[in-house]
Every structure is written in structure tokens, then in C-alpha cells.
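A.B. asks: Need coordinates for the below:
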Amino acid sequence: MREAVEWLTTALPFTERLRIADHRCQLSHSNGAIVLVKPGGHADAASSTLQGPGAHSVQLRVTEIDALFLRAKAAGARVLAEPADHMYGERQCSFLDPWGHPWTLSEAIFDSDPADWGGELLVE
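C.D. replies: You can find the predicted model right below:
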């Protein structure tokens, strides 16, 4: 798990905030956080924690996406999609971390009306 923490704080804009022994770590980003938990770290671990790396994906809202993409790539990320602008007002890129977990970085670049691209806004 230490390798993952080191990679995430090098490749992405995370700061290690809290470490609990060798089985749990909280990384902060902006006004949010993620928690890394060693798979099967406790006796009653949910079976979902034992799934392969492709069983989930993480989307992280960022600023300066192009610089972060280059940072992740330099740290060894395997590129799935280069940064590109999308009709729904986001610039996004995707990659796999060294353990095969998929990540998408997303930066808001303009406001869009969801009806323009097939979405439906439910709450203002």
C-alpha cells in the first residue's frame, strides 16, 4: 500500500493526511479526500474489496488537467485517453495507475445545457 500512496502523491495532486498502521490511509485533494484500504484489511471485509483493479474506476475533478496528465504519465501511468474537450463542458483524460486501476481526470471548461448532449438536469 505504501507504493500506492507514494505513486498517488507523486503523480496526482494528493497529500497524505492520515495513516492508520499499514492498512489504511487518507489522501486529501482540494476539499475532498479518498481513503486507500488494503484489500481484505479486516476480517469482515466486503467481497468488493477483493475484486480486480478494473472492478471500479475513479474520476477526479481537477484544475490544470494538462499539467497533471503529464505528471501522471511521467510517474508511469499507462495512457488510455489523452486530454480532450467534450461537448458536456469537461476536458478529460484517462489512464491506468501502476496497479491497473483506471483513473479519469476531469476539468470543467465551460457550462453546458445537459439537454444539448442528451442529459437531463434534475436539480439546479
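A.B. asks: got the residue ranges for the helices in this protein?
C.D. replies: With DSSP state H as the criterion, the chain has helices at 2-11, 65-74.
A.B. asks: Show residues contacting the last one.
C.D. replies: Pointing back at helix 65-74 there. Applying CB atoms under 8 Å, 6 or more residues apart in numbering, the contact partners of helix 65-74 are 10-13, 62, 79, 82-83, 91-93, 95, 103, 105-107. C-beta here means a position set from N, CA and C on the backbone, and glycine is covered the same way.
A.B. asks: contact partners of the lowest-mean-pLDDT helix or strand in the chain?
C.D. replies: The weakest-scoring helix or strand in the chain, judged by mean pLDDT, DSSP states H and E, is strand 32-37 (a mean of 83). Outside of strand 32-37, the residues within contact range by CB under 8 Å, 6+ apart are 1, 4-5, 8, 14, 17, 23-27, 49, 58.
A.B. asks: Can you lay out the helices of the chain as JSON lines showing distance to Trp117?
C.D. replies: Shown next, in JSON lines, are those (distance: least, CB to CB, whole Å):
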{"stretch": "helix 2-11", "distance to Trp117": "30"}
{"stretch": "helix 65-74", "distance to Trp117": "19"}
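A.B. asks: which of those helices has the lowest average pLDDT?
C.D. replies: Set side by side, the helices of the chain show their lowest mean pLDDT on helix 2-11, which sits at a mean of 92.
A.B. asks: Kindly state the pLDDT recorded for the closest residue to Asp22 other than its chain neighbours?
C.D. replies: Distances taken as CB to CB, 6 or more residues apart in numbering place Met1 nearest to Asp22, at 6.5 Å, with adjacent residues excluded. pLDDT recorded at Met1 is 80.
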